[in-house]
Every structure is written in structure tokens, then in C-alpha cells.
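1. just need the structure, nothing else, for what follows:
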Amino acid sequence: MSRKLLATTVLALCATALAQNNDVDKQKLIYIEQKFTTTSGFQTPEMTDLLQKYLYDGATSVVVLSGHLFHAAKKADVIAATKPDPNDPNAKSTIKLSDLQADIYDDTALVSYKQVTIESGHKDPALNGEYITTNLDTFVKRKGEWYLIGASSVPAVPVTQAHWDAWKKMSEQLDKAPSQ
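-> Here you go, the predicted model:
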């Protein structure tokens, strides 16, 4: 009977240690997501720095608000898209996240959340406004660090046709961004 008790105790301790590691990883993933909200927009030096640190150096897929798929084979292609747009120099974003949920599967994680983005300062007034999205980001863990490999963002509430058209136009311009 004491062997069963010892085996049960060892298993319980291992499960507790694993749960604690998972909790630390979940907090790290939520921290990374919250860091992305501290920038004043996608096309900023702050976003460039965050992507340099947290974006996986390999294939990356991002589905943005308009449903447009942006696929980059190199990290540099994504980084190039963060350069400020000289045609829209006053554009700014304020982002708030809620309902963050991190689920970890070995060295892969999914982070889901709701996001409220307030866009302002765009030359095209159709891009200004409040947008509520539901998001799912995919991360991989390499050498003890978490890296973003994919992101999806879909409207949680209807989007006006004017905004939809303006966003698609902006997405097409991002596609034309040259690699570094």
C-alpha cells in the first residue's frame, strides 16, 4: 500500500509542477499580447521592435480585419510593413484587450481575446472609429521563449462598407511593402 501512496504522491507533485509551469507560460503569453497594445499603431517603431522580439523567424500568416490574408515567408517582410506610412503620418491606434485566454499544447499555444481598437488621425475618415474584433493568435515555444507565428482578427460587430473598402485598400498597399 505504501508504494501506491508514494507513486500517487509523486504523480501529484509532477502534475502540480507542470500546472505551475503552464501558469507561468500563460502569464508570459498574456504579457506579450498586452505589450502589443502599448503601441500607437501598427506602422510605428514600437511595433517594429515588438515584432523583432516576439515574431518567429519563419513563415507567418496573419488574417486581418477585412478578411485579407497576409502571408510572409520571412520575418523581414512583416517588419517592412511596420514602417510609417508617409501618406498617412498622423494615424494612431488605441487598443484595449479583454477576455484573454491562453491554451498551451506542448510547445504550441493559442491565445484568444476580444479587442477594442480606436483609430484616429487617418487621412481617409472611413478608417477612423472604434472597431471590436475577436482574435486568435498562435505561438510556438523555442529555446524557452514564445514567438508569434500566426494571427487572426475578425469583426465582432458589423463593419460599415466605407470602412471595409478603406481597409481593403490599405491591406493591398501593405502587400506591396518591399522586403528589407
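2. confirm residue 26 sits in a helix?
-> Yes. Counting by DSSP: H, G, I helix; E, B strand; the rest coil, residue 26 is part of a helix.
3. can you tell me the closest non-neighbouring residue to it?
-> residue 102 (4.1 Å; C-beta to C-beta, 6 or more residues apart in numbering). (C-beta placed from N, C-alpha, C; glycine too.)
4. and that neighbour, which of the three is it?
-> Classified using three-state DSSP, residue 102 is strand.
5. any idea how far residue 139 is from it?
-> Noted for residue 102: a distance of 9 Å to residue 139, by C-beta to C-beta, to the nearest Å.
6. wait, the residue nearest to residue 26 sits on residue 23?
-> No. Taking contacts as C-beta atoms under 8 Å, residue 102 lies outside contact range of residue 23: 9.6 Å.
7. which one's more surrounded, these two?
-> residue 102 (22 against 12; other C-beta atoms under 10 Å).
8. how far away is residue 41 from residue 61?
-> Where residue 61 is concerned, residue 41 sits at a distance of 21 Å (C-beta to C-beta).
9. looking at those two, which has the bigger crowd around it?
-> residue 41 (22 against 13).
10. any idea how far residue 158 lies from residue 131?
-> From residue 158 to residue 131 the distance is 11 Å (C-beta to C-beta).
11. between those two, tell me which one has more neighbours.
-> Using other C-beta under 10 Å as the criterion, residue 158 and residue 131 rank with residue 131 on top: 20 against 8.
12. low-scoring pLDDT stretches of this structure, where are they?
-> Applying pLDDT under 70 to the chain flags residues 1, 3-21, 59, 63-70, 173-180.
13. just the helices in this protein please.
-> 2-36, 45-54, 75-80, 161-175 (DSSP state H).
14. tell me how far the closest residue to residue 78 other than its chain neighbours lies from residue 130.
-> Take residue 78 and drop its neighbours on the chain: the residue closest to it by C-beta to C-beta, 6+ apart is residue 72, 4.8 Å away. Distance of residue 72 to residue 130, computed by C-beta to C-beta: 28 Å.
15. between the two, point out the one with more neighbours.
-> residue 72 (19 against 11).
16. quick check: bridge partners of the more buried one?
-> Residue 72 forms beta bridges with residue 60, as assigned by DSSP bridges.
17. my guess is it contacts residue 60. True?
-> Yes. Under the criterion of C-beta under 8 Å, residue 72 makes contact with residue 60 at 5.0 Å.
18. could you name every residue contacting both of these two?
-> residue 78 (C-beta atoms under 8 Å, 6 or more residues apart in numbering).
19. give the buried residues for stretch 46-55.
-> 47-48, 50-51, 54-55 (16 or more other C-beta atoms under 10 Å).
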